[in-house]
Each structure stands twice: as C-alpha cells, then as structure tokens.
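Peer 1: Just the structure for this:
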Amino acid sequence: MASCCARKDAGREKQVMVVGVDDSEFSTYALEWTLDHLITPSPTPIFKLVVVFAKPSVASAVGFVGPGAPEVFPLVEADIKRTAARVTEQAKQLCITKSVNDAIVEVVEGDPRNVLCEAVEKHHASVLVVGSHGYGAIKRAVLGSVSDYCAHHAHCTVIIVKKPKTKH
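Peer 2: Below is the predicted model:
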C-alpha cells in the first residue's frame, strides 16, 4: 500500500475513502450503499471513511446582488447552516447505525466539484464516492455534473452510485 494513500490505524494502514453528501436522497443512498458494500461487511475494514458536505457560499446560493440583497444574506446563511447541520447529522447517524463510529464528517464551503477533489488531495484518498442525481444530458450540461467532474479531475478511483429506479 502506498503511504500517500493510507493512514496508520492501530499499527496497520487504512486507505481513505471520501464520500460526498448533499441534501438529496441520491447522496444518502450513495453513503448507505458505501457503508453496506464497502465499509461494514468486513470485520476489519480497510478504509477510513471521510464524509464531506460542500456548503454553498451565501453569494452563490442567492445568485444575485441587488437592492435587498443585504437583508436576504443573513436568512440564506442561516438556512445553509441548518441544511449543513441536518445533512451532516444524518450522515453521522447513518454511520453509527451501520456500526461505523470513527467516520470523519466535514463541512467545507465551496462548489462541490472543487470541494470533493480537494478533499481527495487533503486526505490522500484512494477512493471517492458520489451519488448520481440521474440528470439527463441537457440538465447535466446546464447544471454541471459533480460526478462527471470528479470522474475526470479527482486523482483517485471514483465510484458513482446510482439509486435504482422505483417501479410504479
């Protein structure tokens, strides 16, 4: 195991896996899938789990600067903080439910594409897991796809978890 991609844990090295989360059912599914398939099946997991929530900046969330913007900023900032707290608490509880008590959960301000790729570098991760929102080509082109960006720019293996479609 290369030392650039591992952490010491009780005398043995663990690789680091970063999982990106947001406030969607898709990222919750990706975290749960990761816990079920890659982390908890083993009595001695090889991965140290780092869960990362990319918190949007107030300016990017508001999307405009004009009359009235200063009054809106504190409200938007409070909402972003509540969302970050809710998402990270949900992630922590999901980890604990799956008996993963040593997960690191981080909130980092910025664009999720950059935040996740930077988290990979910071933690020397060997794997990045992201959920897929299942956007079509046009919506993906307009909004930009975090998973597409990470697949091309993260310096590690990227796993894109798709939530199965429910049958009606």
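Peer 1: Can you tell me which residue is spatially central in the chain?
Peer 2: Nearest residue to the geometric centre of the chain (Cα atoms, centre = their mean): Gly20, 1.0 Å.
Peer 1: could you give the mean pLDDT of the one helix or strand that one maps to?
Peer 2: Counting by DSSP states H and E, the element that carries Gly20 is strand 12-21. Taken as a whole, strand 12-21 has a mean pLDDT of 90.
Peer 1: Stretch 81-89 too?
Peer 2: pLDDT averaged over stretch 81-89 gives 96.
Peer 1: just stretch 118-127 next, same as before
Peer 2: Mean predicted lDDT for stretch 118-127 stands at 98.
Peer 1: Okay, buried residues for that stretch please.
Peer 2: Across stretch 118-127, burial judged by 16 or more other Cβ atoms under 10 Å covers Glu118, Ala119, Val120, His123, His124, Ala125, Ser126, Val127. Just so you know, the C-beta spots here come from the backbone N, C-alpha and C atoms, and that holds for glycine as well.
Peer 1: do stretch 47-64 as well
Peer 2: Phe47, Lys48, Leu49, Val50, Val51, Val52, Phe53, Ala54, Lys55, Pro56, Val58, Val62.
Peer 1: ok, now stretch 103-117?
Peer 2: So, applying 16+ other Cβ under 10 Å, buried residues of stretch 103-117: Ala103, Val105, Glu106, Val107, Val108, Pro112, Arg113, Val115, Leu116, Cys117.
Peer 1: Show me what the strand holding Gly20 is packed against.
Peer 2: strand 6-9, helix 25-34, strand 47-55, helix 69-97, helix 112-123, strand 127-132 (3 or more Cβ pairs under 8 Å, 6 or more residues apart in numbering; DSSP states H and E).
Peer 1: Quick check: which helices or strands does the fifth one pack against?
Peer 2: Using 3+ Cβ pairs under 8 Å, 6+ apart as the contact definition, the elements that helix 112-123 packs against are strand 12-21, strand 47-55, strand 104-109, strand 127-132, helix 146-153.
Peer 1: any idea how far Val158 is from the residue nearest to the centre of the chain?
Peer 2: 10 Å (Cβ to Cβ, to the nearest Å).
Peer 1: Could you name every residue contacting both of those two?
Peer 2: The contact sets of Gly20 and Val158 overlap at Leu128, Val129, Val130, Cys150 (Cβ atoms under 8 Å, 6 or more residues apart in numbering).
Peer 1: Many thanks, we can stop here.
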